[in-house]
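Peer 1: what follows is a predicted structure for the sequence shown.
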Protein chains: 2
Amino acid sequence: MSETPASSVPRRVRDASEAEILDRLLPRYAAARGAEVGPGDDAAVMIQLGDRYVVTTDMMIHGPDFRWAWHTPFELGWKAAVTNLADVYAMGARPTGLVIALAATADTELTALEELADGLTAACARLAPGCAVVGGDLSVSDTFTIAITAFGDLEDRAPVLRSGARVGDVIALAGDAGRAAHGLDLLFAEGVDAAGVPNADATAALRAREPELVAAQLTPNPPIPAGIDAALAGATSMMDVSDGLALDASRIARASSVALDLDTAAFAAEPNLERALRGGEDHALLATFPATSTLPEPFRAIGVVRAGAGVLRDGAPLTGKLGWDPYTAWDGQLG
Amino acid sequence: MSETPASSVPRRVRDASEAEILDRLLPRYAAARGAEVGPGDDAAVMIQLGDRYVVTTDMMIHGPDFRWAWHTPFELGWKAAVTNLADVYAMGARPTGLVIALAATADTELTALEELADGLTAACARLAPGCAVVGGDLSVSDTFTIAITAFGDLEDRAPVLRSGARVGDVIALAGDAGRAAHGLDLLFAEGVDAAGVPNADATAALRAREPELVAAQLTPNPPIPAGIDAALAGATSMMDVSDGLALDASRIARASSVALDLDTAAFAAEPNLERALRGGEDHALLATFPATSTLPEPFRAIGVVRAGAGVLRDGAPLTGKLGWDPYTAWDGQLG
């Protein structure tokens, strides 16, 4: 380390003990309404109201999932929370708690970890009041990694699975289609230096020009609490759109043994139809409802379930790449 | 990649889609008794019998937590499961499910991921029948990382916390003290090449000489189901010993505002008293019981709770380094 801290207060992960770091982070997490015991014991203790709860886990890894040149730590914490909360709501459950396994590089500043904790807390406060971080694990790694596991209470509702779509159901979407991908396209095109490497100065200029599209990618704010309304309204299937609308629709189609026919007229307002159909990471909710249902706000109809298989577009098979596979899409050279 | 697969069957993570990898891994996970919905939807759905469940998360990171030259993938999966199951049992809960966030390097062979899944399944079958992997996330990373979150049902028992030890209670231990650390010492001393770098050939020779001590480190098999018996027997505090007996005892002491006085006569059979007191990773259960309790098998008395603070040794303060802090102990140069 070339810099010397001005005082004895540790500045970076390599200078601090685990206990010192936790002393700084734990006060930044809100109390979870459903937690009888929060961080600090071998495990958290959650109070369960209904007889079923849901559990989901999702990672953010430096390289394939985020780059520091684009993200503030607060934004990273926000997004890591949202991707997990969306999976809980997509089951029709109410998020009750998160645990976070955090592996920071040794040179990470402790203030960055504090800001990351603030982002987690803020996302929960905005999208899942009463839900908060109830436990975690902290380690060092050569690759900055966040693995969050979220859980939620079904409150005696039946879970809304991917497998329940029926012929004749209305396909509906709550949230954006393609805006997060638009933001990512801008970051790859303009948030980089001349060599194509993510660059903070270029990103700052881009943010000033396109704050909303960049925010759609970095701090998604999807209307996911509507997942509970969807379950109450009788949604027959639901998932959150993380890998692309068409790709995720194909998963409902396969699980339900039906075809999902998307109506392109529903996307007339989108600047780029292909991006709306195939772009990922909006974390909108994609659901199917009986044709007689009144769609809960803010769901809007975007198609109909038909006999058959796969995803259709105005009745014809949708061809080409349906969405985003982080394995094949990741260029490992871009750090 | 310099090698070409002999067939079109993908051999390594970089050659396979996420779906192809999951198709190979999911059949290797047993069905969890408490899961209504397992892997494949946005979240798993767990059936809850009591009104409270526990959640804990723990990572294994290449470098600070394991080195491939020492571990088979099966052993790594086994240990990752055990470290989490121990935390569930240490609350007095019964493990019901795991979710695994797995970030593999691009050159990881798919057979290694299969063996890792087998190790998870085997550890659950051995130490927590009915518990299994119910979900996960799969990604690529420059650093091989496993983050497991485990949850368990308290079955209407009160959780056994760190904060309940009372003056006069018996301190008891179920499991080994120092054997895992002994195995690690051997690996660092003899499972390395001349430059001190972990080495598979040297490790094979060491395993042949000291199979049990190496296994204590790589495939711990602690009697953690006794955590439920301890809860039923009225244990006043409990935790699993992951960072060293004395260090973990100091955590109970602090949380309970008491002193834990360890009786060195209880460790007379140990080849190295200091290692027994300060070595980590045995994942034995450390608990306190009312003096009138009959200790459940295989707990054995190792001391008494006194008024005061911290950890004592035969009545005198235990000084020096109490255990293992992965932050300060890790030499990042040993990969």
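Peer 2: In hand now; what should we look at? Numbering: from 1, shown residues only, chains lettered A, B, ... in the order given.

Peer 1: just list whatever residues bridge to A:A172.
Peer 2: Note on A:A172: beta-bridge partners A:A287, A:A301, judged by DSSP bridges.

Peer 1: I figured it hits A:A284, correct?
Peer 2: No - at 10.2 Å, A:A172 does not count as touching A:A284 under the criterion of C-beta atoms under 8 Å. Backbone N, C-alpha and C define where each C-beta goes, glycine included.

Peer 1: who has more neighbours, the two?
Peer 2: Counted by other C-beta atoms under 10 Å in any protein chain shown, A:A172 and A:A284 do not tie: A:A284 has more neighbours, with 29 against 25.

Peer 1: for the residue nearest to the more buried one when sequence neighbours are not counted, which residues are in contact?
Peer 2: Distances taken as C-beta to C-beta, 6 or more residues apart in numbering or on different chains place A:G175 nearest to A:A284, at 2.7 Å, with adjacent residues excluded. Contacts of A:G175 were listed using C-beta atoms under 8 Å, 6 or more residues apart in numbering or on different chains, and they are A:P222, A:P223, A:I224, A:V241, A:D282, A:H283, A:A284, A:L285, A:P298.

Peer 1: would you turn those into JSON lines with pLDDT and secondary structure?
Peer 2: As requested, those are exported to JSON lines (pLDDT from 0 to 100; DSSP: H, G, I helix; E, B strand; the rest coil):
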{"residue": "A:P222", "pLDDT": "98", "secondary structure": "coil"}
{"residue": "A:P223", "pLDDT": "98", "secondary structure": "coil"}
{"residue": "A:I224", "pLDDT": "98", "secondary structure": "coil"}
{"residue": "A:V241", "pLDDT": "96", "secondary structure": "coil"}
{"residue": "A:D282", "pLDDT": "96", "secondary structure": "coil"}
{"residue": "A:H283", "pLDDT": "97", "secondary structure": "coil"}
{"residue": "A:A284", "pLDDT": "98", "secondary structure": "coil"}
{"residue": "A:L285", "pLDDT": "98", "secondary structure": "strand"}
{"residue": "A:P298", "pLDDT": "98", "secondary structure": "coil"}
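
Peer 1: list just the nearest of those to B:L161.
Peer 2: A:I224 (33.3 Å; C-beta to C-beta).

Peer 1: contacts only, for that closest one.
Peer 2: A:V82, A:L85, A:A86, A:Y89, A:A90, A:L127, A:A174, A:G175, A:D240, A:H283, A:L285.

Peer 1: can you give me the helices for chain A?
Peer 2: Using DSSP state H, the helices of chain A run over A:18-25, A:73-89, A:110-127, A:179-190, A:200-209, A:211-218, A:226-232, A:245-256, A:273-278, A:326-329.

Peer 1: name the helices or strands packed onto the second one?
Peer 2: Meaning helix A:73-89. Using 3 or more C-beta pairs under 8 Å, 6 or more residues apart in numbering or on different chains; DSSP states H and E, the elements in contact with helix A:73-89 are strand A:52-61, strand A:94-104, helix A:110-127, strand A:145-153, helix A:226-232, strand A:237-240.

Peer 1: isn't A:A266 up against A:F299?
Peer 2: No - at 11.5 Å, A:A266 does not count as touching A:F299 under the criterion of C-beta under 8 Å.

Peer 1: ok, A:K321 - how many residues close by?
Peer 2: 13.

Peer 1: that one touches A:G280, doesn't it?
Peer 2: No - with contact defined as C-beta under 8 Å, A:K321 does not count as touching A:G280 (11.3 Å).

Peer 1: list the residues that contact the closest residue to chain B within the stretch 151-300 of chain A.
Peer 2: Proximity of the stretch 151-300 of chain A to chain B (C-beta to the nearest C-beta) peaks at A:P159, 4.8 Å away. By C-beta under 8 Å, 6+ apart, the residues touching A:P159 are A:R52, A:V54, A:M91, A:G92, A:A93, B:E36, B:V37, B:D41, B:A43, B:V45.

Peer 1: a markdown table please, covering those and showing distance to A:P211 and neighbour count.
Peer 2: Conversion of these to a markdown table gives the following (distance: C-beta to C-beta, whole Å; neighbours: other C-beta atoms under 10 Å in any protein chain shown):
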| residue | distance to A:P211 | neighbour count |
| --- | --- | --- |
| A:R52 | 41 | 22 |
| A:V54 | 34 | 29 |
| A:M91 | 32 | 32 |
| A:G92 | 33 | 25 |
| A:A93 | 32 | 30 |
| B:E36 | 43 | 17 |
| B:V37 | 39 | 21 |
| B:D41 | 35 | 24 |
| B:A43 | 32 | 28 |
| B:V45 | 39 | 22 |
